[in-house]
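Q: the sequence isn't on hand, but the structure is:
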């Protein structure tokens, strides 16, 4: 069995102080995908970051205290790939991938678009560029588990107040239509929904009063997998027993 966990940590040092690594120590994860680390690798000299015995691979944003992704792996991968080959994304540290044999696991952090039209256009540009990569990957025989904060809720079931958010970034028609392509013609699978079709399953909550306590959230964190892995998806869970971030960890087990 392969266990993969993904979480947007909203600052890995902050999440560590809130107990994330103590929780991870009990999870028997093979790979942990982190997004929005908000740190430079040289700043992670606290023993907590090496206490789990993982191999750690980081792709930091050039801007300090911003974005950044990481992968923690139990086994040493065959290869590590950093970036998408596109400057606007790579300077912000938005993609890292490890390869084990014919399996690739990535940690990806989409731009959010919440800061206004400029950032929304950057988000659309990111989607257009990444779509080309997804098309290319769909033509090969590798297995892909693409984890992370995609910053888009796909269906009405994927956020509490969907009616009020149809004109807001993260649930815009153009964004949802793009995911329709990813999970449609491109053939990729929303792994969580293969094993859980229930409502009220969210991975992110705003900082508004009561959002976390009342579970007024969005499901914007995904394991997006290639179709050759659909039958390998065993179980999926969202952990809300502790709050490490404004996102919750999403764990999926694979028969691999």
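A: In hand now; what should we look at? These figures come from a predicted structure and were not determined experimentally.
Q: all contacts plus neighbour counts: C-alpha atoms, from now on.
A: Will do.
Q: can you verify my assumption that residue 79 contacts residue 98?
A: Yes - distance between residue 79 and residue 98: 5.7 Å, which falls inside the contact criterion (Cα atoms under 8 Å).
Q: looking at the two, which is more packed in?
A: Using other Cα atoms under 10 Å as the criterion, residue 79 and residue 98 rank with residue 98 on top: 22 against 11.
Q: surely that one forms part of a strand?
A: Yes - note on residue 98: a strand contains this position according to DSSP: H, G, I helix; E, B strand; the rest coil.
Q: surely residue 154 touches residue 173?
A: No - Residue 154 is beyond contact range of residue 173, at 9.5 Å (criterion: Cα under 8 Å).
Q: higher neighbour count, these two?
A: The residue with more neighbours, out of residue 154 and residue 173, is residue 154; 24 against 14, by other Cα under 10 Å.
Q: who's in contact with that one?
A: Contacts for residue 154 were tallied using Cα atoms under 8 Å, 6 or more residues apart in numbering; they are 171, 176, 179-180, 220.
Q: one more time with 7 Å
A: Neighbour list for residue 154: 176, 179 [criterion: Cα atoms under 7 Å, 6 or more residues apart in numbering].
Q: so how far is residue 188 from it?
A: 13 Å (Cα to Cα, to the nearest Å).
Q: do residue 39 as well
A: With Cα to Cα as the criterion, residue 39 and residue 188 are 31 Å apart.
Q: check residue 246 too.
A: Using Cα to Cα, one gets 27 Å for the distance from residue 246 to residue 188.
Q: mind checking which of those two has more residues around it?
A: A side-by-side neighbour count of residue 246 and residue 188, using other Cα under 10 Å, places residue 188 first with 25 against 17.
Q: good, wrapping up.
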